[in-house]
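Colleague: okay, here's the prediction I keep looking at, along with the sequence it came from:
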Amino acid sequence: MSRVNLPAAEWREAKGLARVVAALHDDHGGPRFVGGAVRDTLLDIDVTDIDLATTLHPDIVIDRLEAARIKAVPTGIDHGTVTAVADGKNYEITTLRRDVTTDGRRATVAFATDWKEDAARRDFTINALYADPATGEVFDYFGGLNDLIKHVVRFIGDADKRIAEDHLRILRYFRFLARFGDGVVDNDALTACAASTNSLMALSRERIASELLKLLALPDPRHAISLMIEHEIFVPFLPELAGEAMTTFNRLYAREQACLLPPSLPARLLSLLPHNADAAQNVAMRLKLSNRMRADMLARLENRQPTADTIRAFAYREGIEAARDAAMLYAVDAELLSSMAMLKDWEVPEFVIKGGDLIKRGLAAGPVVAETLKAIEKSWIAEDFPAADRANALADQAVVDATLPSKKA
């Protein structure tokens, strides 16, 4: 393949980055940009993280950066990673490595100076691209440029060995397939992932959850999820997977597109599960999801079949986002658009009546205040949240009713 240069990009012009590069010049052609920054720039995708590779030992990296008055943070010093902070931006710098031993969860590494050897320990060909900061020349040791053109996600070398080095690469494969693939599947990669599925049980739940949520957050992960279901990739960590999961996910995706809504992680995860709180609780506990994520999932399950008549009351209790997701997930087709219309440009109102207001109206302090307040709020909700004057009228009437003498039998 003829020489390929990295296109011009705004991130390459950062003065802080230029200072970092200048400080880390070595005798082996480094430093070089590596990984996602190179890949995404070639694909004309916005770059968020900028990583560099160097042949310099991590201690020398720190010394060089500090000498250039650049903050150096030893974020992963045992594995050769130092973070440079220049002009408020972080740049992750990793010394070239080769694996000495691996057990599928962690690796013991030795530092190296061979660029191809460093590339060989990476996961996918499209992630093993390097670029010279000065000239932009791209270095491709395993056909990553061609795979980018073909939208193929392919392991470097033997797929089974790459997975044995880090079992999380199974889930990473499907995430990268969803992000960069174009319907083309590398059979060796898929076969290796399917054969090693049980090895996912050796990973921490947090690492699995992180990859799963990153996959679900992608614009269109349908093909990847379908392959994962077909090849039983979910079985070790998501045994609750519903039998109709793919159908439900496809319906949710179609509704997202029709309603012009971005992906919702709680909704997408729930679409893969049975429609019950126990399943959501079990998954949240097993994957050690955040308390917020667990609460969000359970909130969306509170309304089993939203309608235009009930959706605002649900939004009042659980929030607009929960109501919107519940409609997207569980509303029947005939109610979906009307339910969503009820939420459009609608802000959850505040119930203006307080217990003190009822006492001022003559209601005696005590349990009757809370009971009456609850009854007023129920009437206010039933009337679709009328303005304050109507809420006050409801309160006036409720106090009158509550203070009338009881009729004798």
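Modeller: Great, that's in hand.

Colleague: give me the nearest residue to the residue nearest in space to the middle of the chain, chain neighbours excluded.
Modeller: Centroid-nearest residue in the chain, with C-alpha atoms, centre = their mean: Lys214, separated by 3.7 Å. Closest residue in space to Lys214, ignoring its immediate chain neighbours: Arg175 at 5.6 Å, by C-beta to C-beta, 6 or more residues apart in numbering. The C-beta positions use only the backbone N, C-alpha and C, and glycine is treated the same way.

Colleague: can you tell me the SS state at the one you found?
Modeller: helix (DSSP: H, G, I helix; E, B strand; the rest coil).

Colleague: number of nearby residues for it?
Modeller: 20 (other C-beta atoms under 10 Å).

Colleague: rewinding a little: how close does the residue nearest to the centre of the chain get to His79?
Modeller: With distances taken as C-beta to C-beta, to the nearest Å, Lys214 is found 21 Å from His79.

Colleague: would you map the strands across the stretch 1-150 of the chain?
Modeller: 32-34, 51-54, 71-76, 81-86, 89-95, 97-102, 107-111, 129-131, 138-140 (DSSP state E, counting those that start in this stretch).

Colleague: out of these, flag the one nearest Glu13.
Modeller: The minimum distance between Glu13 and those falls on strand 89-95, with 12.3 Å, by C-beta to C-beta.

Colleague: I'd like to know how far Asn291 sits from Ala284.
Modeller: Taking C-beta to C-beta, one finds Asn291 at 9 Å from Ala284.

Colleague: scratch that, Leu373 is what I was asking about
Modeller: 33 Å.

Colleague: can you pull out the low-pLDDT segments for the stretch 1-150 of the chain?
Modeller: Residue ranges of the stretch 1-150 of the chain with pLDDT under 70: 1-2, 99-109.

Colleague: now do the helices in it.
Modeller: Listed in chain order, the helices of the stretch 1-150 of the chain (DSSP state H, counting those that start in this stretch) span 15-23, 36-42, 58-67, 115-120, 144-150.

Colleague: let's have those helices in TSV, adding distance to Asn5 and mean neighbour count.
Modeller: Formatted as TSV, the helices of the stretch 1-150 of the chain follow (distance: least, C-beta to C-beta, whole Å; neighbours: other C-beta atoms under 10 Å):
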stretch	distance to Asn5	mean neighbour count
helix 15-23	16	18
helix 36-42	10	22
helix 58-67	26	18
helix 115-120	17	18
helix 144-150	11	18
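
Colleague: which of the residues in the host helix or strand of the residue nearest to the centre of the chain are buried?
Modeller: Here Lys214, judged by DSSP states H and E, is contained in helix 205-216. Within helix 205-216, the residues that count as buried by 16 or more other C-beta atoms under 10 Å are 207-209, 211-216.
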